[in-house]
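got a predicted model here, sequence first, then my questions.
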Amino acid sequence: AAFSVGSRAILRSLGDTEKKVEVDHAVELNATNFDAVLRDTPATYAVVEFFANWCPACRNYKPQYEKVARLFNGPNAAHPGIILMTRVDCALKINTNLCDKFSVGHYPMLLWGSPSKFVAGSWEPNQEKKEIRALEDWQTADGLLTWINKQTSRSYGLDDEKFENEQLPSNISDPGQIARAVYDVEEATTTAFDIILDHKMIKSETRASLIRFLQVLVAHHPSRRCRKGSAKVLVNFDDFSPSHMQSADKQEVVNNNGKGGLGNFPICGKEVPRGYWIFCRGSKNDTRGFSCGLWVLLHSLSVRIDDGESQFTFTAVCDFIHNFFVCEECRQHFYQMCSSVTSPFNKTRDFALWLWSTHNQVNERLMKLEASLKTGDPKFPKIIWPPKQLCSSCYRSHHHGDMKFRQIDWDQDEVFKFLTNYYGNTLVSLYKDREFLRNDGIDGALEDLVVSTNAVVVPVGAALAIALASCAFGALACYWRSQQKNRKPRRSWN
Ligand SMILES: Cc1cc2nc3c(=O)[nH]c(=O)nc-3n(C[C@H](O)[C@H](O)[C@H](O)COP(=O)(O)OP(=O)(O)OC[C@H]3O[C@@H](n4cnc5c(N)ncnc54)[C@H](O)[C@@H]3O)c2cc1C
C-alpha cells in the first residue's frame, strides 16, 4: 500500500504486523504524495528508488534495499529521522511524469539528496549542480550502506537495532540541537490529544480548560500546522462536545475516533504522529519521549506569548497538566507548584522564568530519585538547566556542580534572553526553511488568518453560531476580540 511517511496508517501497519509478517519499510510514494511527504519529513537526507513492478531485477533487489530501509524508516528504526528511504513505481501511469522529470532511464535507479531538493525538483544525468545525485554501489545492502556512511560521515551497520549502540548526539552543549525539537513538539501535541481521546478525558468539568489550552496553541504553537489544526479543532469543538449534552452521550461524540469525532482532526496534520522522537529520543525505551516533548512545548509557548497573555497562559497550562497529563505524580506535583503562586503574572518574562524554575525543581527532585532507583536515562541525566556550556552568561558567579538550583546566583535577565532565543528563534530555525516550501493552497484562508494575526479570528457566522450554542465559547470569543484589540505587532519568530 502507498502510505505517507509517519502517517497513522503506516504506524499502525508497522506496529500491528511487524512481528507477524514481513512489512515494507521503504515508503512507497506516487505523484500525488511525492512532494508533500518529502517536504514534511524531518529527515536530513532522502533516497528515492525508481523501479517498475514488472522488472525482475527490481524484485530481486528489493530485499537489499529493505535491509537498509529498516534501519531508517518507521517507529522501530535504529536511526529514525535521519534518512528517508522511499520508492516510486514508474510502471504506474500516475507516475509517468514524475519518473520523466527525474530522467529515469533504467530500473532500478536510485537518487540521493536533501528531501527539499526533490520537492518540485528534477534530475538529469549530466547536470552541473549536483544537489541530487545518483547513488553508486547500491546493488547490495552492504554497498548501499557503505555509500550512505561515506556521505553522512557515520558508521551505521546493517545489524543495528533500536536503542543499541546509540550514537545519540549530546544535546547538552549544542544549542542547535533544539531546532530538531520542533518535530517532537508536534509529536507531543498529537500524542497529548490522542491520549485525551483514548482515555475519554473530555468531560463537562474539563472541557473549558481544554478550550483555553487550545486557544493558546492556536495563537502560539511553534508549528504552523499545529496552529492550523488546533484552530480547526477549536472552531468545530462545539459540534463534537455540545455543552448541553449529557456526559455519557457526549463521550460517544467527543471521543469518537472514527467519522464525525475529534479523531477526524489530526491536530498537527496527517503526517503526525511519526512514531519516533528526535531531540527527545532516549538511549533506551520509555525514558524520555512524550514528557520531554511536552516540556519543550510548554517552554516554547511561554516565550511566544505577549505580556497581557501571561496569566491566561499560566492558568491554561496548569489546568491542562492537571486535567490531561496522565502521570499522576507529575500532575499533582506540578499543580502544587501552580497553586503556590500568589500573585498574577503580568509579564511574559515572569511566566517564562517561573516555568523554567519549576522545571528545574522537578529536575532537582528527579536527579536524586533517578540516581537511587536507576530509572533515568544514562545518556541524559537530569541537570540544573541550562548548564554553563549552553549559557555561561546565565551564571553570575562561579558555581560548583553540586550546588542546588536556588543556591546558584542566576542572572535572570540573561536566562530569559537565553530562553527566548533557544525556544523562540532557534527552535523553529530548521522548520522555517521547510515551511517556506509549503505551497499547497489547502485551507489557505484559515492558514493566512492564523499566520497573519497570530491568533485565529473565528469567521463571523461561525463565531455567532458557536457563541449562541455555548456560553463558554461566547466568553472565549470575547477574549479573542479583546486580544485582537490589544495585540502588539507580531514577533519575527514564526
Ligand atoms: C509538567 C511536567 C511535570 C512532570 N513532573 C514529574 C514528576 O513529578 N515526576 C517524574 O518522575 N517525572 C515528571 N515529569 C517528567 C520529567 O520531568 C521528564 O520529562 C522525564 O523524566 C524525561 O526527562 P528528559 O531527560 O527528557 O528531560 P526533561 O526534563 O523532559 O526536559 C526536556 C528538555 O528540556 C530542557 N530543559 C531541562 N530543564 C529545563 C528547564 N529548567 N527549563 C527549560 N528547559 C529545560 C532540556 O533540553 C531537556 O532535554 C514531568 C513532566 C512534565 C511535562
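Ah, there it is. Numbers count the residues shown, from 1 in each chain.

what ranges does the stretch 101-250 of the chain have for its strands?
Applying DSSP state E, counting those that start in this stretch to the stretch 101-250 of the chain gives strands spanning 109-113, 132-134.

turn those strands into JSON lines, columns for distance to the ligand, mean neighbour count and mean pLDDT.
Quick note: C-beta positions are derived from backbone N, CA and C, even for glycine. Formatted as JSON lines, the strands of the stretch 101-250 of the chain follow (distance: least, C-beta to the nearest ligand atom, whole Å; neighbours: other C-beta atoms under 10 Å; pLDDT from 0 to 100):
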{"stretch": "strand 109-113", "distance to the ligand": "31", "mean neighbour count": "21", "mean pLDDT": "97"}
{"stretch": "strand 132-134", "distance to the ligand": "34", "mean neighbour count": "16", "mean pLDDT": "94"}
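
any chance of the ones you listed in a markdown table, with distance to T152 too?
Formatted as a markdown table, those follow (distance: least, C-beta to C-beta, whole Å):
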| stretch | distance to T152 |
| --- | --- |
| strand 109-113 | 10 |
| strand 132-134 | 13 |
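
ok, which of these comes nearest I321?
strand 109-113 (41.8 Å; C-beta to C-beta).

and the closest one, which strands flank it?
Using DSSP bridges, strand 109-113 pairs in its sheet with strand 45-51 (antiparallel), strand 132-134 (antiparallel).

which residues sit in contact with G143?
D137 (C-beta atoms under 8 Å, 6 or more residues apart in numbering).

L297 too?
185, 188-189, 221-222.

quickly find the element holding it.
In the assignment (DSSP states H and E), L297 maps to helix 290-302.

identify the residues contacting the helix or strand just after that helix?
Using DSSP H and E, the helix or strand that follows helix 290-302 in sequence is helix 310-324. Helix 310-324 is contacted by residues 192, 195-196, 201, 206, 209-210, 212-213, 215-216, 220, 298, 301-302, 305, 330-331, 334-335, 338, 341, 344-348, 350-351, 354-355, 479 when judged by C-beta under 8 Å, 6+ apart.

orientation of helix 310-324 relative to helix 290-302 in degrees?
Helix 310-324 runs at 160 degrees relative to helix 290-302, counting by axes from the mean of the first three to the mean of the last three C-alpha atoms, to 10 degrees.

which helices and strands does the helix or strand that comes right after helix 310-324 pack with?
Using DSSP H and E, the helix or strand that follows helix 310-324 in sequence is helix 328-339. Applying 3 or more C-beta pairs under 8 Å, 6 or more residues apart in numbering; DSSP states H and E, one finds that helix 328-339 contacts helix 310-324, helix 348-373.

for helix 328-339, the averaged confidence score.
Helix 328-339 carries an average pLDDT of 95.

just the buried residues of it, please?
331, 333-335, 337-338 (16 or more other C-beta atoms under 10 Å).

again with stretch 58-70
Quick answer for stretch 58-70 (16+ other C-beta under 10 Å): 58, 61-62, 64-70.

which of these sits closest to the ligand?
Nearest to the ligand out of those is R70 (C-beta to the nearest ligand atom; 26.0 Å).

test my guess that the closest one contacts H79.
No - the criterion here is C-beta atoms under 8 Å, and R70 misses it with H79 at 10.3 Å.

number of nearby residues for S209?
By other C-beta atoms under 10 Å, 19 other residues sit near S209.

err, S114, not the other one
The tally of other residues near S114 (other C-beta under 10 Å) stands at 15.

and C90, by the same measure?
So C90, with other C-beta under 10 Å, has 22 neighbours.

from I211, how far out is the closest residue in space to E124 that isn't next to it in sequence?
Using C-beta to C-beta, 6 or more residues apart in numbering and skipping the chain neighbours, the partner closest in space to E124 is S103 (5.2 Å). Remark: distance between S103 and I211 (C-beta to C-beta, to the nearest Å) = 52 Å.

residues in contact with L84?
5, 27, 37-38, 41, 43, 45-47, 72-73, 115.

check C55 too.
Contacts of C55 (C-beta under 8 Å, 6+ apart): 91, 107-108.

ok, back up a step: wait, which of the helices and strands packed on helix 328-339 is closest to the ligand?
helix 348-373 (3.4 Å).

so for the helix or strand that that closest one is followed by, what gets flagged as buried?
Next helix or strand after helix 348-373 toward the C-terminus (DSSP H and E): helix 412-420. Using 16+ other C-beta under 10 Å as the test for burial, helix 412-420 gives 414-416, 418-420.

lowest-confidence helix or strand of this protein?
Lowest on mean pLDDT, DSSP states H and E among the helices and strands of the chain sits helix 460-469, with a mean of 36.

hmm, D411 is touching S397, no?
No - applying C-beta under 8 Å, one finds D411 not in contact with S397, separated by 9.5 Å.

what about the two, which has more around it?
A direct count of neighbours by other C-beta under 10 Å for D411 and S397 places D411 higher, at 15 against 8.

now do the same for the more buried one: its pLDDT.
Reported pLDDT for D411: 97.

average pLDDT across stretch 232-244?
Rounded mean pLDDT across stretch 232-244 is 78.

same deal with stretch 150-158?
Across stretch 150-158, the per-residue pLDDT values average to 94.

OK, contacts around L234?
211, 214-215, 218, 456.

of all those residues, which two lie farthest apart?
Largest separation among the contacts of L234 by C-beta to C-beta: I211 and V456, giving 12.4 Å.

give me every residue in the stretch 151-300 of the chain lying close to the ligand.
Listed as neighbours of the ligand in the stretch 151-300 of the chain under the rule C-beta under 6 Å from any ligand atom: 280, 288, 291-292, 294-296, 299.

circling back: write a ChimeraX command that selects only the buried members of the contacts of C55.
Buried members of the contacts of C55, defined by 16+ other C-beta under 10 Å, are picked up in ChimeraX with:
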select :107,108
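
number of residues surrounding the nearest residue to N236 once chain neighbours are set aside?
Computed as C-beta to C-beta, 6+ apart, the closest residue to N236 that is not its neighbour in sequence is F265, at 7.0 Å. The local packing of F265 (other C-beta under 10 Å) involves 19 other residues.

please tell me how far F265 sits from V182.
Look at F265 and V182: by C-beta to C-beta, they are 20 Å apart.

then W410?
Noted for W410: a distance of 27 Å to V182, by C-beta to C-beta.

in this structure, which residue is most central in space?
E186 (2.3 Å; C-alpha atoms, centre = their mean).

where in the chain is pLDDT low?
1-22, 128-129, 164-173, 240-264, 432-494 (pLDDT under 70).

once you drop chain neighbours, what's closest to D350?
Distances taken as C-beta to C-beta, 6+ apart put S310 closest to D350, at 6.5 Å, once the chain neighbours are dropped.

ok, Y276 - contacts?
74-75, 77, 80-81, 187.

any idea which of the strands paired with strand 109-113 is most buried?
For these, the largest average neighbour count (mean count of other C-beta atoms under 10 Å) is found in strand 45-51, namely a mean of 24.
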